[in-house]
Every structure is written in C-alpha cells, then in structure tokens.
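Enquirer: Please work out how this folds:
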Amino acid sequence: MPQKSRPSGGATAAGAAPAADGGTPADVSAGTPGPRRSEGPRVRPKNGLDRYFEISARRSTVGREVRGGLTTFFTMAYIVVLNPIILTSIAGPDGTPGADVEGTVLPFGSIAAVTALLAGALTLLMGVVGRYPFALATGLGINALVAVFAATQLTWPEVMGLVVLEGLLITVLVLTGFRRAVFEAIPAQLKTAIAVGIGFFLAIIGLADAGIIRPGNPLISFGIGGQLAGWPMLVFVVGLLLSSLLVVRKVKGALLIGIVVTTVLAIVVEAIAEVGPRFGADGAENARGWALQVPALPEDVVGSPDFSLLGNFSLFGGFERIGVLAALLIVFSIMIADFFDTVGTVTAVGAEGGMLDENRNLPRSQPVLLVDSLAAAAGGAGSVSSNTTYIESTAGVADGARTGLASIVTGLLFLVAVFFTPLVAVVPSEAAAPALVIVGALMISQIKYLTWDDMSLVIPAFLTIALMPFTYSITNGIGAGVISFVLLRVAVGRRREIHPLMWVVAAMFLVYFALEPLQQLF
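Expert: This is a model prediction of the structure:
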C-alpha cells in the first residue's frame, strides 16, 4: 500500500480517501491503521483521470492501481470455476447433482461464462460509479444457500427470481438511505471487530483452500493425518513463505508476484508429479490432489462463451409454488446475508486501505452500496446467484489499490476471462491462498483499537471475531455481535448509547437465526 516509507503489502494505508465533506484527505501514517485528519494542502490532480478517480489525493499512482487490480483478479478468479461447481453439486430430489425440484440442471459452461461476465461488468460499474477498489462477483455462501433451495423447494428460474426480488428490495433500502444509516449506526467497537474477524476469516479460507486444515474428528484436522503431505501443500507453503518474504522486504507488488511465481511452480510440479485433482469425476477422493483447479496448461486457451442463462428467471414463480410467506422468508434470508456481508466487506477493505473516517465509516458510501445492491439483482437475472462485493478486494488494497481505477482493471480482466476461462483455470487455489493468509495477518492489526476494559463491549467483539471463521460466515459473526451488544449494553445500564437502528438490526438478526423453525411453521 503506497508510500515510499512503507511496505507494498503493509497493514495500513499511507493515504486515505478524501474526507466525507470533500476537504483534506484523511492520512494514516505507517504503523497506524486508524484514520486521522491531515491538515496538509489538497493534492493537485495531474490530469482528468487523476481528478476523476482522485488517484493523487489518495496518495496512489496509476501503476499501483493497475497492480492492485491485477492482484484482486488473480486472488478471486477462482470464482469462475468454483461457482459452477457449487451450483451443480447438491443433489436434487432424484439424486442428480445440481438438479432442481423438477430435475433441471444448469449448464456448467454457461454458469462459468455468465459468472465471469457479470463479475466483469459489475466491477467496472463499481470502479466508475463507486470509485473505490471493490470487486464484485457471485457471493460464496449465498450461492450454496441458493443451491439448497433449488434442490429442495424451487426450480432454478424460481429461486433466481427470488434473488432478483431480494436485490431490488436492497436497492430500495439504499435509495431511501436506510442501508447507509444502518452501516453508520453500527458502533466503532463492532466495526473494528468486523475487520479483525474478517482477517481471521480470510486466513481460514486460505488455509482450507490449500488443504492445510480439513474436516476431521472431532472438528478439523491439520493436513492429512496430522501431517503436511502432498505436493499441493508444499506449493502452498513455498508460496506463503515467498509472499511473506516479499512483504516484509517491502517489494512492490509482493502479493501479485507471489501468486504468479507460485502458479508457475504448481504447473511445473503437476507436469512432473502428475498429482491430479482432489476429487475425481467418479467422486473418488485423492487426499493429496489439488483442491480445485489442476495447474496444467490447457489444450485450448480460448473458449466460446455460453450466455444462455441470461434472463432465465421467474420473478414470482416461487410464490406460486411454495406460498407467499415461505417465499418471503427465503428472500429475507438471502437479503440478510447480502446486506451484512457487504457491511463487513466494506468495513474491512476500507480499514485495510485507511479509507475510513474517524467514525469508521466509508466516505461517500452511497454509490458503493447502490452498485452492490444492483449487483444482487443482476446475479439473479443472470441465473448465477446474487453478486456482492468481495472480501478478496483486500488483497488488491494491500498491494496498493486505493481507487476505482483498480476495479476497472479487475473488471476488464474478468471480461477477458469470459473468453479465456480455460486459462483462468490454470491458477490453483493453493497459489492464491497464500495471499489470503497474508492479508488476514495484515488485517488483525486492527485489534489494537478494541476496548478491552468493558466486558459488555469485549464479549460482542469476541463473538463477532470468533463466529466469522468458525461458522464460515461474515453474516453470522455480525449478527451475534449486534444481538449481544444490544443485550449487554442494556444489562449494564447503557441503553442510551444504543443507536435506535441497532434495535431494528438486532430484531432482524433474531428472525434470521430463527429462520429454520419459522420455515417449518409456515
């Protein structure tokens, strides 16, 4: 993250976004993640591009933005392959993987193409309109939830129609100012805990993607039988050590270099050792195989995209099939996950880049929230599940990105990936995972800003931090933190310190956590 005096992948921003009032940009000195005002003069833009994206004002350069955009793309490009796998993995009523209640299976190739297309278009829109370095793609967790609903209750067009409705509903909440008001109503203690929790969440995602941690007895295990075994794990370890070395040596583009070098190593290893995938076509498991993509040079570099899924949704079909109340509960569950995943992501990425103001809010967040909300509806309209702002954007920010120009770079690469999906699949998750672990390490430095002498604040912060990685959900962590914050502040007689909207949010989370019995009831 830019400035000569600090590392490219450091934990804090040397420059921050301009103040909410349009005045002097907030400045964050090296080693001080929390934002503070700078009284220095306004930076004069060099040209129209600089003026529009405020590149100089945020203490960045075009080179850093391009580098950050590249890093974000390579860190999250896995979604082009992973989303089709998730949407076609859960067996329907007839036992067919990926089948909905009527036995229809979405075409794998079309899911991949549309996933890349929407990620590119929406990330470009975020760059131009939001002007922050946030990238968007199909939301992990939300796509699995959608797949479950399709396998058990609805057809694919019907469940995607409910996703469209959810996105439109959130858009209305943005336009009325409600979504931004909720974002700003969350107390600083919880916002800091969200950033820290996402740091641990990113780390556990990276470790799981690399196979370092796996499901075991009783909960999780280390590697294979308690050992680091297999070539893919070695590739990850080498990538992690290399990326760490580059970061502490303040090498520009440390994370991007780490991903590229580790990918090359993985390709060489696969060519020699012929490791193969972790799961074969017949479902047989090769514990020492590559987790997702097998890093081999593809026979065909260019593929013809299939966009047949675009517009394949039924807006109100779900209401006719399962009833109004049951359909509304599905919309609500997806909306809560979408709503608060974005709150967590924006807070975490903003904190990593020093872009938050003194109240831990993102200046000029309304356009960001609007694009994110429209992305949810667009994902449903494209039949690839709700699209949302990606936490992997922190990798690009850690490598220098500060403005929407980085999102332009990431978006363009996704659009190129529409036609080069075979080439995108070359980067294995073991090569991208080290960047997630490093970024997680950078983000937990925010923990120093938590209040530790008041247990009514410590417990909500702890629950927020702990539940994100342990339940694999940003939403669960925020929900637990919000509910416990309201309850405990009342218990210690600090009721007046609770923002009125926090009561509303706590009530929404109570319904969210009680969805299963409510669905059975209705």
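Enquirer: To what extent is Val129 buried, counted in neighbours?
Expert: Neighbour count of Val129, defined by other CB atoms under 10 Å: 15. Just so you know, the C-beta spots here come from the backbone N, C-alpha and C atoms, and that holds for glycine as well.
Enquirer: Where does the residue lying closest to it once chain neighbours are set aside fall, secondary structure wise?
Expert: Closest residue to Val129 apart from its sequence neighbours, by CB to CB, 6 or more residues apart in numbering: Pro367 at 4.9 Å. Here Pro367, judged by DSSP states H and E, is contained in helix 366-381.
Enquirer: what about the residue nearest to Val129, how many neighbours?
Expert: 17.
Enquirer: In contact with it, which residues?
Expert: The neighbourhood of Pro367, defined by CB atoms under 8 Å, 6 or more residues apart in numbering, consists of Val129, Gly130, Arg131.
Enquirer: and if you look at Arg321?
Expert: Contact partners of Arg321, counting by CB under 8 Å, 6+ apart, are Gln153, Leu154, Thr155, Glu158.
Enquirer: Which of those residues lies at the shortest distance from Thr464?
Expert: Comparing the contacts of Arg321 against Thr464 with CB to CB places Gln153 closest, at 31.1 Å.
Enquirer: What sits closest to that closest one if chain neighbours are left out?
Expert: Once flanking residues are discounted, Gln153 sits nearest to Ile322: 5.5 Å by CB to CB, 6+ apart.
Enquirer: separation between that neighbour and Leu162?
Expert: 10 Å (CB to CB, to the nearest Å).
Enquirer: Which one's more surrounded, these two?
Expert: The residue with more neighbours, out of Ile322 and Leu162, is Leu162; 29 against 20, by other CB under 10 Å.
Enquirer: Can you tell me the element the more buried one falls in?
Expert: With DSSP H and E as the test, Leu162 turns up in helix 156-175.
Enquirer: elements contacting that helix?
Expert: helix 142-152, helix 178-185, helix 317-322, helix 324-352, helix 366-381 (3 or more CB pairs under 8 Å, 6 or more residues apart in numbering; DSSP states H and E).
Enquirer: Show me the one of those that comes nearest Ser56.
Expert: Of all those, helix 324-352 comes closest under CB to CB, at 19.4 Å.
Enquirer: Next, the buried residues of that closest one.
Expert: 326-327, 329-352 (16 or more other CB atoms under 10 Å).
Enquirer: what about Gln520, distance to Leu329?
Expert: 10 Å.
Enquirer: Repeat that for Val492.
Expert: 34 Å.
Enquirer: Please apply the same query to Leu245.
Expert: 50 Å.
Enquirer: now do Phe509
Expert: Going from Phe509 to Leu329 by CB to CB gives 14 Å.
Enquirer: Equivalent analysis for Thr123, please.
Expert: Per CB to CB, Thr123 is found 31 Å from Leu329.
Enquirer: who touches Val261 in this structure?
Expert: Gly239, Leu242.
Enquirer: Pretty sure the residue nearest to Gln153 sits against Thr152.
Expert: No - using CB atoms under 8 Å, Ile322 is not in contact with Thr152, being 10.1 Å away.
Enquirer: so where's the stretch 51-200 of the chain uncertain?
Expert: Judged by pLDDT under 70, the stretch 51-200 of the chain has its weakly predicted residues at 89.
Enquirer: Check the chain too.
Expert: 1-43, 89, 217, 281-283, 423-425, 519, 522.
Enquirer: now the strands for it?
Expert: 26-27, 36-37, 136-138, 213-215, 220-222, 387-389 (DSSP state E).
Enquirer: Which one of those strands lies nearest to Arg249?
Expert: That would be strand 26-27 among the strands of the chain, by CB to CB, at 24.8 Å.
Enquirer: Tell me which residues touch Thr347, please.
Expert: By CB under 8 Å, 6+ apart, the contact set of Thr347 is Lys191, Ile194, Ala195, Ile198, Leu356, Arg360, Leu362.
Enquirer: Tell me how far Asn286 lies from Ile336.
Expert: From Asn286 to Ile336 the distance is 37 Å (CB to CB).
Enquirer: re the thing from before, could you identify the most distant pair in the contacts of Thr347?
Expert: Ile198 and Leu362 (14.6 Å).
Enquirer: buried residues in stretch 138-149?
Expert: Applying 16+ other CB under 10 Å to stretch 138-149 flags Thr138, Gly139, Leu140, Gly141, Ile142, Asn143, Leu145, Val146, Ala147, Phe149 as buried.
Enquirer: What of stretch 429-448?
Expert: The neighbour-count check on stretch 429-448 (16+ other CB under 10 Å) flags 429-447 as buried.
Enquirer: So which of those residues are in helices?
Expert: Judged by DSSP state H, helices contain the following of those: 429-443.
Enquirer: Which among the strands of the chain is found nearest to Ala273?
Expert: strand 213-215 (20.4 Å).
Enquirer: Contacts for the closest one, please.
Expert: Taking CB under 8 Å, 6+ apart as the rule, strand 213-215 contacts Ile204, Leu207, Ala208, Ile220, Ser221, Phe222, Gly223, Ile224.
Enquirer: out of the residues you listed, which is most surrounded?
Expert: In terms of neighbours by other CB under 10 Å, those top out with Leu207 at 21 neighbours.
Enquirer: Spatially, which residue comes closest to that one, not counting chain neighbours?
Expert: Of all residues not flanking Leu207 in the chain, Ile213 sits nearest, at 4.8 Å (CB to CB, 6+ apart).
Enquirer: distance of that neighbour from Ser244?
Expert: On the measure of CB to CB, Ile213 and Ser244 end up 18 Å apart.
Enquirer: Over to Leu207?
Expert: 14 Å.
Enquirer: Also Glu270?
Expert: 24 Å.
Enquirer: Same check on Pro363?
Expert: Taken as CB to CB, the span from Pro363 to Ser244 is 32 Å.
Enquirer: do the same with Phe509
Expert: Computed as CB to CB, the Phe509 to Ser244 distance reads 37 Å.
Enquirer: neighbour count winner among those two?
Expert: Remark: of Phe509 and Ser244, Phe509 carries more neighbours, 21 against 17, as counted by other CB under 10 Å.
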